[in-house]
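Student: here's my sequence, what's the structure:
(one chain, ligands or ions: 1)
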Amino acid sequence: MGQIGNDTHILLMDAFLQNNRLDHVSRVMASHPSYLEHFLRTQHFILRGDGPLPYDYRHLIAIMAAGRHQCSYLINLQKGEFLLQGGDSSWLQGLRSIPGKLQDLYEINKILAHRPWLLNKTHIEKLTKGADSWSLAEVVHAIVLLAHFHSLSSFVFSCGINEELDNVSGHHYIENAKDNSNNKQPAKDMLTSSPKKMQNGGGKTDNNPSPPSSPSIVGEQEVGVETLMERMKRLSEKSESYKITQEELSKRFETVESQSAELAAAPQRSSILDSDIGHFIEDPTFIYQDFAKRGQLNDIPTFRVQDYSWDDHGYSLVNRLYNDVGNLLDDKFKTAYNLTYYTMGTHNKVDTSRFRRAIWNYIQCMFGIRHDDYDYNEVNQLLERSLKTFIKSAVCYPERVTKRDYDRVMKEFKHSEKVHVNLMILEARMQAELLYALRAVMRYMT
Ligand SMILES: CC(C)C[C@H](N)C(=O)O
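Tutor: So this is what the prediction gives:
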(Lines give C-alpha, C1' and ligand atoms only; values in the text may rest on other atoms or scores of the structure.)
Protein backbone atom coordinates (compact mmCIF):
# COMPACT_ATOMS: atom_id res chain seq x y z
CA MET A 1 0.00 0.00 0.00
CA GLY A 2 2.96 2.28 0.47
CA GLN A 3 2.66 5.40 2.58
CA ILE A 4 -0.61 6.95 3.39
CA GLY A 5 -1.35 10.61 3.76
CA ASN A 6 -3.00 12.32 6.66
CA ASP A 7 -6.44 12.46 5.08
CA THR A 8 -6.31 8.80 4.24
CA HIS A 9 -5.31 8.10 7.80
CA ILE A 10 -8.45 9.80 9.07
CA LEU A 11 -10.55 7.93 6.55
CA LEU A 12 -9.12 4.64 7.69
CA MET A 13 -9.95 5.58 11.27
CA ASP A 14 -13.53 6.16 10.15
CA ALA A 15 -13.51 2.81 8.39
CA PHE A 16 -12.31 1.15 11.57
CA LEU A 17 -15.01 2.77 13.66
CA GLN A 18 -17.74 1.96 11.17
CA ASN A 19 -16.86 -1.65 10.57
CA ASN A 20 -15.46 -2.57 13.96
CA ARG A 21 -12.26 -3.40 12.16
CA LEU A 22 -10.02 -2.08 9.41
CA ASP A 23 -11.27 -4.43 6.77
CA HIS A 24 -9.29 -5.49 3.73
CA VAL A 25 -11.71 -3.81 1.34
CA SER A 26 -11.07 -0.39 2.90
CA ARG A 27 -7.34 -0.96 2.86
CA VAL A 28 -7.29 -1.80 -0.83
CA MET A 29 -9.61 1.11 -1.65
CA ALA A 30 -7.37 3.42 0.32
CA SER A 31 -5.17 3.82 -2.75
CA HIS A 32 -8.07 5.98 -3.96
CA PRO A 33 -8.97 8.03 -0.88
CA SER A 34 -11.43 10.35 -2.56
CA TYR A 35 -13.41 7.34 -3.69
CA LEU A 36 -13.05 5.51 -0.38
CA GLU A 37 -14.67 8.42 1.37
CA HIS A 38 -17.84 8.12 -0.71
CA PHE A 39 -17.84 4.38 -0.53
CA LEU A 40 -17.66 4.38 3.26
CA ARG A 41 -20.28 7.05 3.62
CA THR A 42 -22.73 5.16 1.44
CA GLN A 43 -22.07 1.78 2.95
CA HIS A 44 -22.41 3.21 6.43
CA PHE A 45 -25.70 4.82 5.52
CA ILE A 46 -27.30 1.79 3.92
CA LEU A 47 -26.23 -0.52 6.74
CA ARG A 48 -26.54 1.74 9.76
CA GLY A 49 -28.24 4.96 8.79
CA ASP A 50 -31.89 5.97 8.80
CA GLY A 51 -33.86 3.69 6.58
CA PRO A 52 -36.97 1.56 6.45
CA LEU A 53 -35.37 -1.85 7.03
CA PRO A 54 -34.43 -3.22 10.43
CA TYR A 55 -30.69 -3.60 10.98
CA ASP A 56 -30.60 -7.38 11.18
CA TYR A 57 -32.49 -7.60 7.88
CA ARG A 58 -29.93 -5.39 6.19
CA HIS A 59 -27.06 -7.72 7.01
CA LEU A 60 -29.01 -10.76 6.02
CA ILE A 61 -29.79 -9.19 2.67
CA ALA A 62 -26.08 -8.48 2.28
CA ILE A 63 -25.36 -12.16 2.94
CA MET A 64 -27.96 -13.25 0.38
CA ALA A 65 -26.46 -10.89 -2.18
CA ALA A 66 -22.86 -11.96 -1.65
CA GLY A 67 -24.06 -15.56 -1.85
CA ARG A 68 -24.93 -15.10 -5.52
CA HIS A 69 -21.19 -14.94 -6.19
CA GLN A 70 -20.21 -17.32 -3.43
CA CYS A 71 -18.25 -14.47 -1.87
CA SER A 72 -17.39 -16.03 1.45
CA TYR A 73 -15.31 -13.00 2.41
CA LEU A 74 -18.37 -10.75 2.49
CA ILE A 75 -20.66 -13.45 3.81
CA ASN A 76 -18.43 -14.02 6.79
CA LEU A 77 -18.06 -10.32 7.53
CA GLN A 78 -21.79 -9.75 7.31
CA LYS A 79 -22.57 -12.73 9.49
CA GLY A 80 -20.48 -11.08 12.18
CA GLU A 81 -22.25 -7.77 11.71
CA PHE A 82 -25.61 -9.49 11.82
CA LEU A 83 -24.82 -10.98 15.21
CA LEU A 84 -23.44 -7.69 16.50
CA GLN A 85 -26.76 -6.07 15.62
CA GLY A 86 -28.48 -8.59 17.81
CA GLY A 87 -29.60 -10.80 14.93
CA ASP A 88 -31.11 -14.19 15.76
CA SER A 89 -28.30 -16.69 15.27
CA SER A 90 -30.69 -19.38 14.10
CA TRP A 91 -31.24 -17.37 10.92
CA LEU A 92 -27.62 -18.03 10.02
CA GLN A 93 -28.46 -21.67 9.51
CA GLY A 94 -29.50 -20.75 6.03
CA LEU A 95 -32.19 -19.47 3.73
CA ARG A 96 -34.79 -21.88 5.07
CA SER A 97 -34.39 -20.50 8.56
CA ILE A 98 -35.01 -16.86 7.73
CA PRO A 99 -38.39 -15.12 7.86
CA GLY A 100 -40.63 -15.67 4.85
CA LYS A 101 -40.54 -12.00 4.07
CA LEU A 102 -36.80 -12.18 3.47
CA GLN A 103 -37.12 -15.42 1.54
CA ASP A 104 -39.48 -13.64 -0.82
CA LEU A 105 -36.66 -11.33 -1.81
CA TYR A 106 -34.57 -14.13 -3.22
CA GLU A 107 -36.06 -14.03 -6.69
CA ILE A 108 -35.13 -10.38 -7.14
CA ASN A 109 -31.71 -11.07 -5.68
CA LYS A 110 -31.05 -13.73 -8.28
CA ILE A 111 -32.31 -11.79 -11.26
CA LEU A 112 -30.65 -8.56 -10.29
CA ALA A 113 -27.30 -10.26 -9.79
CA HIS A 114 -27.13 -12.05 -13.10
CA ARG A 115 -29.77 -10.93 -15.60
CA PRO A 116 -31.21 -7.63 -14.38
CA TRP A 117 -32.99 -7.05 -17.69
CA LEU A 118 -35.48 -9.73 -16.67
CA LEU A 119 -36.74 -7.69 -13.76
CA ASN A 120 -40.19 -6.22 -14.30
CA LYS A 121 -42.97 -4.61 -12.37
CA THR A 122 -44.63 -7.91 -11.47
CA HIS A 123 -41.61 -8.78 -9.32
CA ILE A 124 -42.11 -5.57 -7.40
CA GLU A 125 -45.85 -6.13 -7.24
CA LYS A 126 -45.43 -9.63 -5.82
CA LEU A 127 -43.39 -8.27 -2.94
CA THR A 128 -45.70 -5.44 -2.10
CA LYS A 129 -48.92 -7.45 -2.03
CA GLY A 130 -50.29 -10.00 0.39
CA ALA A 131 -49.41 -11.02 3.92
CA ASP A 132 -45.91 -10.22 5.09
CA SER A 133 -45.63 -7.71 2.31
CA TRP A 134 -42.95 -5.13 1.75
CA SER A 135 -43.49 -1.39 1.62
CA LEU A 136 -42.11 0.27 -1.47
CA ALA A 137 -39.52 2.06 0.62
CA GLU A 138 -38.37 -1.26 2.04
CA VAL A 139 -38.13 -2.76 -1.43
CA VAL A 140 -35.97 0.12 -2.58
CA HIS A 141 -33.73 -0.14 0.46
CA ALA A 142 -33.33 -3.86 -0.21
CA ILE A 143 -32.56 -3.24 -3.88
CA VAL A 144 -29.79 -0.79 -2.99
CA LEU A 145 -28.30 -3.30 -0.54
CA LEU A 146 -28.46 -6.11 -3.09
CA ALA A 147 -26.84 -4.08 -5.83
CA HIS A 148 -24.17 -2.84 -3.42
CA PHE A 149 -23.17 -6.31 -2.30
CA HIS A 150 -23.35 -7.92 -5.74
CA SER A 151 -20.98 -5.34 -7.11
CA LEU A 152 -18.78 -5.33 -4.05
CA SER A 153 -18.33 -9.07 -4.64
CA SER A 154 -16.95 -8.16 -8.06
CA PHE A 155 -14.45 -5.85 -6.40
CA VAL A 156 -13.44 -8.38 -3.77
CA PHE A 157 -12.72 -11.11 -6.30
CA SER A 158 -11.15 -8.94 -8.95
CA CYS A 159 -8.71 -7.49 -6.42
CA GLY A 160 -8.02 -10.89 -4.87
CA ILE A 161 -9.06 -9.76 -1.42
CA ASN A 162 -8.56 -12.39 1.26
CA GLU A 163 -10.55 -13.32 4.32
CA GLU A 164 -10.03 -11.19 7.39
CA LEU A 165 -7.52 -12.63 9.83
CA ASP A 166 -10.07 -13.60 12.44
CA ASN A 167 -11.47 -16.05 9.94
CA VAL A 168 -9.63 -19.33 9.88
CA SER A 169 -9.17 -19.23 6.11
CA GLY A 170 -7.54 -15.81 6.44
CA HIS A 171 -4.33 -17.61 7.30
CA HIS A 172 -2.17 -18.99 4.54
CA TYR A 173 0.92 -21.08 4.89
CA ILE A 174 3.51 -21.81 2.29
CA GLU A 175 2.29 -25.34 1.52
CA ASN A 176 -1.07 -23.91 0.59
CA ALA A 177 0.36 -21.45 -1.85
CA LYS A 178 0.61 -24.15 -4.52
CA ASP A 179 -2.97 -25.17 -4.05
CA ASN A 180 -4.40 -23.75 -7.22
CA SER A 181 -7.88 -24.94 -6.59
CA ASN A 182 -8.35 -22.22 -4.03
CA ASN A 183 -9.40 -19.12 -5.89
CA LYS A 184 -9.26 -16.98 -2.80
CA GLN A 185 -5.50 -16.93 -3.14
CA PRO A 186 -4.99 -14.42 -5.97
CA ALA A 187 -3.11 -11.23 -5.43
CA LYS A 188 -2.41 -12.04 -1.86
CA ASP A 189 0.56 -9.73 -2.02
CA MET A 190 -1.66 -6.75 -2.66
CA LEU A 191 -2.27 -6.12 0.96
CA THR A 192 1.25 -6.55 2.10
CA SER A 193 3.56 -5.18 -0.55
CA SER A 194 3.93 -1.88 -2.25
CA PRO A 195 2.93 -1.58 -5.90
CA LYS A 196 5.37 -3.36 -8.13
CA LYS A 197 6.70 -1.58 -11.16
CA MET A 198 6.28 -3.71 -14.21
CA GLN A 199 9.00 -3.35 -16.79
CA ASN A 200 8.83 -3.98 -20.51
CA GLY A 201 5.28 -5.08 -20.54
CA GLY A 202 5.49 -6.75 -17.19
CA GLY A 203 7.88 -9.23 -15.69
CA LYS A 204 6.64 -12.28 -13.90
CA THR A 205 5.79 -11.49 -10.34
CA ASP A 206 4.03 -14.70 -9.55
CA ASN A 207 6.23 -17.26 -7.88
CA ASN A 208 3.56 -19.88 -7.89
CA PRO A 209 2.14 -19.96 -11.36
CA SER A 210 -1.27 -21.49 -11.62
CA PRO A 211 -2.33 -23.44 -14.70
CA PRO A 212 -3.77 -21.42 -17.56
CA SER A 213 -7.27 -20.66 -16.51
CA SER A 214 -8.56 -18.46 -19.28
CA PRO A 215 -7.67 -19.96 -22.62
CA SER A 216 -8.87 -16.87 -24.37
CA ILE A 217 -6.27 -14.69 -22.74
CA VAL A 218 -3.31 -17.03 -23.05
CA GLY A 219 -0.81 -15.98 -25.64
CA GLU A 220 -2.41 -12.66 -26.43
CA GLN A 221 -0.18 -9.64 -26.56
CA GLU A 222 -1.39 -6.31 -25.32
CA VAL A 223 -0.50 -3.32 -27.44
CA GLY A 224 0.92 -1.41 -24.49
CA VAL A 225 0.27 1.94 -22.92
CA GLU A 226 2.00 4.04 -25.55
CA THR A 227 -0.11 2.72 -28.38
CA LEU A 228 -3.16 3.19 -26.21
CA MET A 229 -2.23 6.81 -25.61
CA GLU A 230 -1.77 7.39 -29.32
CA ARG A 231 -5.16 5.90 -30.04
CA MET A 232 -6.82 8.08 -27.42
CA LYS A 233 -5.20 11.10 -28.96
CA ARG A 234 -6.24 10.19 -32.47
CA LEU A 235 -9.81 9.65 -31.33
CA SER A 236 -9.98 13.08 -29.73
CA GLU A 237 -8.65 14.75 -32.86
CA LYS A 238 -11.06 12.93 -35.10
CA SER A 239 -14.21 13.21 -33.07
CA GLU A 240 -14.97 16.86 -33.77
CA SER A 241 -14.56 16.52 -37.49
CA TYR A 242 -17.43 14.24 -38.46
CA LYS A 243 -20.80 13.10 -37.26
CA ILE A 244 -22.04 9.53 -37.32
CA THR A 245 -25.68 8.69 -37.97
CA GLN A 246 -27.92 7.27 -35.25
CA GLU A 247 -28.32 4.00 -37.13
CA GLU A 248 -24.61 3.59 -37.43
CA LEU A 249 -24.15 4.32 -33.72
CA SER A 250 -26.74 1.75 -32.82
CA LYS A 251 -25.12 -0.82 -35.09
CA ARG A 252 -21.78 -0.22 -33.45
CA PHE A 253 -23.31 -0.84 -30.05
CA GLU A 254 -24.73 -4.13 -31.24
CA THR A 255 -21.39 -5.17 -32.69
CA VAL A 256 -19.64 -4.65 -29.37
CA GLU A 257 -22.47 -6.41 -27.57
CA SER A 258 -22.36 -9.49 -29.77
CA GLN A 259 -18.57 -9.62 -29.71
CA SER A 260 -18.77 -9.65 -25.95
CA ALA A 261 -21.00 -12.71 -26.13
CA GLU A 262 -18.22 -14.52 -27.98
CA LEU A 263 -15.64 -13.89 -25.27
CA ALA A 264 -15.02 -16.89 -23.12
CA ALA A 265 -14.73 -15.52 -19.62
CA ALA A 266 -12.78 -17.48 -17.05
CA PRO A 267 -14.09 -21.04 -16.87
CA GLN A 268 -16.19 -22.30 -14.03
CA ARG A 269 -14.15 -23.95 -11.32
CA SER A 270 -16.19 -26.30 -9.25
CA SER A 271 -19.90 -26.53 -8.86
CA ILE A 272 -19.62 -27.78 -5.32
CA LEU A 273 -20.48 -25.03 -2.88
CA ASP A 274 -18.48 -24.49 0.28
CA SER A 275 -20.45 -26.05 3.09
CA ASP A 276 -20.34 -22.94 5.26
CA ILE A 277 -21.93 -20.69 2.65
CA GLY A 278 -23.91 -23.14 0.53
CA HIS A 279 -27.02 -22.80 2.66
CA PHE A 280 -27.28 -19.15 1.66
CA ILE A 281 -27.37 -19.98 -2.03
CA GLU A 282 -30.29 -21.28 -3.96
CA ASP A 283 -30.22 -22.20 -7.62
CA PRO A 284 -26.47 -21.68 -8.14
CA THR A 285 -26.79 -22.60 -11.81
CA PHE A 286 -28.67 -19.39 -12.54
CA ILE A 287 -25.80 -17.24 -13.79
CA TYR A 288 -25.07 -14.44 -16.22
CA GLN A 289 -26.23 -15.00 -19.73
CA ASP A 290 -25.00 -12.80 -22.54
CA PHE A 291 -27.48 -10.07 -23.24
CA ALA A 292 -26.91 -10.56 -26.95
CA LYS A 293 -28.10 -14.15 -26.55
CA ARG A 294 -31.16 -13.38 -24.47
CA GLY A 295 -33.35 -15.31 -26.90
CA GLN A 296 -35.97 -14.38 -29.42
CA LEU A 297 -39.01 -15.55 -27.50
CA ASN A 298 -39.31 -12.69 -25.09
CA ASP A 299 -37.12 -10.30 -26.93
CA ILE A 300 -36.04 -7.67 -24.48
CA PRO A 301 -35.02 -4.41 -26.07
CA THR A 302 -31.80 -2.60 -25.41
CA PHE A 303 -31.99 -0.33 -22.38
CA ARG A 304 -31.54 3.17 -23.73
CA VAL A 305 -30.11 5.64 -21.28
CA GLN A 306 -31.85 8.43 -23.13
CA ASP A 307 -35.19 6.94 -22.02
CA TYR A 308 -34.24 6.11 -18.46
CA SER A 309 -31.05 7.50 -16.99
CA TRP A 310 -29.56 7.70 -13.55
CA ASP A 311 -29.28 11.47 -13.65
CA ASP A 312 -32.79 12.20 -14.84
CA HIS A 313 -34.82 9.35 -13.39
CA GLY A 314 -33.13 6.80 -11.13
CA TYR A 315 -31.55 9.34 -8.86
CA SER A 316 -34.70 11.22 -7.97
CA LEU A 317 -36.81 8.10 -7.57
CA VAL A 318 -34.43 6.44 -5.14
CA ASN A 319 -34.05 9.71 -3.27
CA ARG A 320 -37.78 10.01 -2.88
CA LEU A 321 -38.40 6.48 -1.70
CA TYR A 322 -35.43 6.02 0.56
CA ASN A 323 -34.14 8.91 2.63
CA ASP A 324 -32.08 10.81 0.08
CA VAL A 325 -29.76 7.88 -0.55
CA GLY A 326 -29.71 9.04 -4.16
CA ASN A 327 -27.39 11.89 -3.21
CA LEU A 328 -24.86 9.51 -1.69
CA LEU A 329 -25.03 7.15 -4.62
CA ASP A 330 -24.80 9.98 -7.08
CA ASP A 331 -21.64 11.34 -5.47
CA LYS A 332 -20.14 7.89 -5.43
CA PHE A 333 -20.92 7.20 -9.09
CA LYS A 334 -19.58 10.58 -10.14
CA THR A 335 -16.41 10.17 -8.11
CA ALA A 336 -15.73 6.76 -9.62
CA TYR A 337 -16.56 7.92 -13.12
CA ASN A 338 -14.45 11.07 -12.96
CA LEU A 339 -11.56 9.78 -10.87
CA THR A 340 -8.23 10.48 -12.56
CA TYR A 341 -4.64 11.26 -11.71
CA TYR A 342 -3.78 11.90 -15.36
CA THR A 343 -1.39 8.99 -15.33
CA MET A 344 -1.09 5.75 -17.17
CA GLY A 345 1.60 3.37 -16.02
CA THR A 346 4.76 5.45 -15.93
CA HIS A 347 3.32 8.27 -18.05
CA ASN A 348 2.07 11.54 -16.61
CA LYS A 349 -0.26 14.26 -17.83
CA VAL A 350 -2.36 11.82 -19.80
CA ASP A 351 -6.00 12.51 -20.51
CA THR A 352 -7.43 9.07 -19.72
CA SER A 353 -11.08 10.01 -20.00
CA ARG A 354 -11.71 8.08 -23.22
CA PHE A 355 -10.19 4.94 -21.84
CA ARG A 356 -12.20 5.19 -18.63
CA ARG A 357 -15.41 5.95 -20.46
CA ALA A 358 -14.82 2.94 -22.71
CA ILE A 359 -14.54 0.71 -19.64
CA TRP A 360 -17.66 2.12 -18.01
CA ASN A 361 -19.77 1.89 -21.15
CA TYR A 362 -18.48 -1.55 -22.01
CA ILE A 363 -19.55 -2.87 -18.61
CA GLN A 364 -23.05 -1.49 -19.04
CA CYS A 365 -23.17 -2.79 -22.62
CA MET A 366 -22.87 -6.32 -21.25
CA PHE A 367 -26.17 -5.65 -19.46
CA GLY A 368 -27.74 -4.32 -22.64
CA ILE A 369 -27.52 -0.67 -21.60
CA ARG A 370 -26.75 1.74 -24.37
CA HIS A 371 -25.59 5.35 -24.04
CA ASP A 372 -27.10 6.79 -27.18
CA ASP A 373 -24.55 9.41 -28.04
CA TYR A 374 -21.54 7.17 -27.48
CA ASP A 375 -19.59 5.68 -30.34
CA TYR A 376 -18.96 2.08 -29.26
CA ASN A 377 -16.20 1.79 -31.84
CA GLU A 378 -14.07 3.46 -29.23
CA VAL A 379 -14.51 0.45 -27.00
CA ASN A 380 -12.96 -1.72 -29.65
CA GLN A 381 -10.12 0.65 -30.24
CA LEU A 382 -9.23 1.15 -26.61
CA LEU A 383 -10.06 -2.12 -24.87
CA GLU A 384 -8.26 -5.14 -26.09
CA ARG A 385 -9.77 -8.54 -26.20
CA SER A 386 -7.81 -9.66 -23.17
CA LEU A 387 -8.92 -6.66 -21.12
CA LYS A 388 -12.52 -7.15 -22.20
CA THR A 389 -12.28 -10.76 -21.14
CA PHE A 390 -10.99 -9.74 -17.73
CA ILE A 391 -13.75 -7.17 -17.35
CA LYS A 392 -16.37 -9.67 -18.39
CA SER A 393 -15.16 -12.18 -15.81
CA ALA A 394 -14.96 -9.57 -13.06
CA VAL A 395 -18.41 -8.19 -13.78
CA CYS A 396 -20.32 -11.34 -14.62
CA TYR A 397 -18.46 -14.23 -13.00
CA PRO A 398 -16.26 -12.58 -10.38
CA GLU A 399 -15.91 -15.78 -8.37
CA ARG A 400 -13.85 -17.21 -11.23
CA VAL A 401 -11.17 -14.51 -11.45
CA THR A 402 -7.70 -15.85 -10.68
CA LYS A 403 -4.42 -14.15 -9.96
CA ARG A 404 -3.29 -15.21 -13.39
CA ASP A 405 -6.19 -13.35 -14.96
CA TYR A 406 -5.32 -10.27 -12.93
CA ASP A 407 -1.64 -10.44 -13.88
CA ARG A 408 -2.18 -11.03 -17.56
CA VAL A 409 -3.94 -7.79 -18.32
CA MET A 410 -3.01 -4.13 -18.02
CA LYS A 411 0.57 -5.26 -17.50
CA GLU A 412 2.06 -1.80 -17.57
CA PHE A 413 -0.45 -0.41 -15.11
CA LYS A 414 0.39 0.06 -11.48
CA HIS A 415 -1.52 -2.00 -8.95
CA SER A 416 -3.41 1.08 -7.87
CA GLU A 417 -4.49 1.57 -11.49
CA LYS A 418 -5.79 -1.94 -11.67
CA VAL A 419 -7.69 -1.29 -8.46
CA HIS A 420 -9.01 1.86 -10.14
CA VAL A 421 -10.34 -0.24 -13.02
CA ASN A 422 -11.91 -2.60 -10.49
CA LEU A 423 -13.61 0.35 -8.80
CA MET A 424 -15.14 1.31 -12.08
CA ILE A 425 -16.29 -2.27 -12.50
CA LEU A 426 -17.99 -2.07 -9.11
CA GLU A 427 -19.72 1.23 -9.81
CA ALA A 428 -20.74 0.71 -13.42
CA ARG A 429 -22.22 -2.64 -12.50
CA MET A 430 -24.04 -1.23 -9.51
CA GLN A 431 -25.49 1.55 -11.60
CA ALA A 432 -26.61 -0.93 -14.25
CA GLU A 433 -28.47 -3.02 -11.66
CA LEU A 434 -30.08 0.05 -10.15
CA LEU A 435 -31.19 1.36 -13.52
CA TYR A 436 -33.12 -1.82 -14.26
CA ALA A 437 -34.48 -2.14 -10.73
CA LEU A 438 -35.60 1.47 -10.42
CA ARG A 439 -37.19 1.43 -13.84
CA ALA A 440 -39.20 -1.60 -12.72
CA VAL A 441 -40.24 0.25 -9.55
CA MET A 442 -41.24 3.28 -11.59
CA ARG A 443 -43.32 1.12 -13.96
CA TYR A 444 -45.00 -0.49 -11.00
CA MET A 445 -45.90 2.89 -9.57
CA THR A 446 -47.33 4.35 -12.74
C1 LIG B 1 -7.35 3.22 -14.95
C2 LIG B 1 -6.18 4.11 -15.07
C3 LIG B 1 -5.49 3.96 -16.36
C4 LIG B 1 -6.55 5.53 -14.78
C5 LIG B 1 -5.41 6.49 -14.77
N6 LIG B 1 -4.35 6.15 -13.89
C7 LIG B 1 -5.91 7.91 -14.46
O8 LIG B 1 -5.35 8.57 -13.63
O9 LIG B 1 -6.84 8.37 -15.02
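Student: what separation do you get for Gln431 and Phe333?
Tutor: With the distance defined as CB to CB, to the nearest Å, Gln431 ends up 6 Å from Phe333. Heads up, the C-betas are built off the backbone N, CA and C, glycines and all.
Student: quick check: neighbours shared by these two?
Tutor: Here Gln431 and Phe333 have Trp310 as joint contacts, going by CB atoms under 8 Å, 6 or more residues apart in numbering.
Student: of these two, give the one with the bigger neighbour count.
Tutor: Gln431 (25 against 22; other CB atoms under 10 Å).
Student: surely the more buried one and Asp311 touch.
Tutor: No - in this structure, Gln431 is not within contact of Asp311 by CB atoms under 8 Å, at 10.6 Å.
Student: for the helix or strand encompassing Ile46, name the packing helices and strands.
Tutor: Here Ile46, judged by DSSP states H and E, is contained in helix 33-48. Contact partners of helix 33-48 among helices and strands, from 3 or more CB pairs under 8 Å, 6 or more residues apart in numbering; DSSP states H and E: helix 6-19, helix 24-29, helix 55-67, helix 136-158, helix 325-338.
Student: give me that answer again for 10 Å
Tutor: Packed against helix 33-48 by the contact rule (3 or more CB pairs under 10 Å, 6 or more residues apart in numbering; DSSP states H and E) you find helix 6-19, helix 24-29, helix 55-67, helix 72-84, helix 136-158, helix 325-338, helix 415-445.
Student: which stretch among these comes nearest His44?
Tutor: helix 6-19 (5.0 Å; CB to CB).
Student: same for the closest one, what does it pack against?
Tutor: helix 24-29, helix 33-48, helix 72-84.
Student: hmm, 8 Å instead?
Tutor: Helix 6-19 packs on helix 24-29, helix 33-48, going by 3+ CB pairs under 8 Å, 6+ apart.
Student: and the gap between Leu328 and Tyr362?
Tutor: 25 Å.
Student: the two: who's more crowded?
Tutor: Between Leu328 and Tyr362, Tyr362 has the larger neighbour count (other CB under 10 Å), namely 25 against 22.
Student: hey, which helix or strand in this protein has the poorest pLDDT?
Tutor: The weakest-scoring helix or strand in the chain, judged by mean pLDDT, DSSP states H and E, is helix 174-177 (a mean of 60).
Student: report the next helix or strand after that one in sequence order.
Tutor: Following helix 174-177 in sequence, per DSSP H and E, is helix 225-239.
Student: tell me how far that next one lies from the chain's centre.
Tutor: 27 Å (CA atoms, centre = their mean, to the nearest Å).
Student: could you do stretch 402-411 as well?
Tutor: 17 Å.
Student: before we move on, what about stretch 11-29?
Tutor: With CA atoms, centre = their mean, you get 19 Å for stretch 11-29.
Student: which residues touch that stretch?
Tutor: 1, 4, 30, 33, 35-37, 39-40, 43-44, 48, 73, 77, 80-81, 84, 152, 155-156, 159, 161-162, 164, 166, 190-191, 419, 423.
Student: try it again at 6 Å.
Tutor: Applying CB atoms under 6 Å, 6 or more residues apart in numbering, the set of residues contacting stretch 11-29 from outside is 33, 36-37, 40, 44, 159, 161.
Student: next one: stretch 72-90
Tutor: Stretch 72-90 has contacts (CB under 6 Å, 6+ apart) with 55-56, 59, 62-63, 66, 92, 97, 156, 163, 167, 277.
Student: out of these, which end up buried?
Tutor: Listed as buried from the contacts of stretch 72-90 are 55-56, 59, 62-63, 66, 92, 156, 163, 167, 277; burial here means 16 or more other CB atoms under 10 Å.
Student: next, the closest residue to Ser416 other than its chain neighbours: phi, psi?
Tutor: Spatial nearest neighbour of Ser416, chain neighbours left out: Ser31 (4.0 Å); criterion: CB to CB, 6 or more residues apart in numbering. Taking degrees, to the nearest 10, you get phi -70, psi -10 for the backbone angles of Ser31.
Student: what residues does the stretch 301-446 of the chain have near the ligand?
Tutor: Contact residues (CB under 6 Å from any ligand atom) of the stretch 301-446 of the chain with the ligand: 340-344, 352, 413, 417, 420-421.
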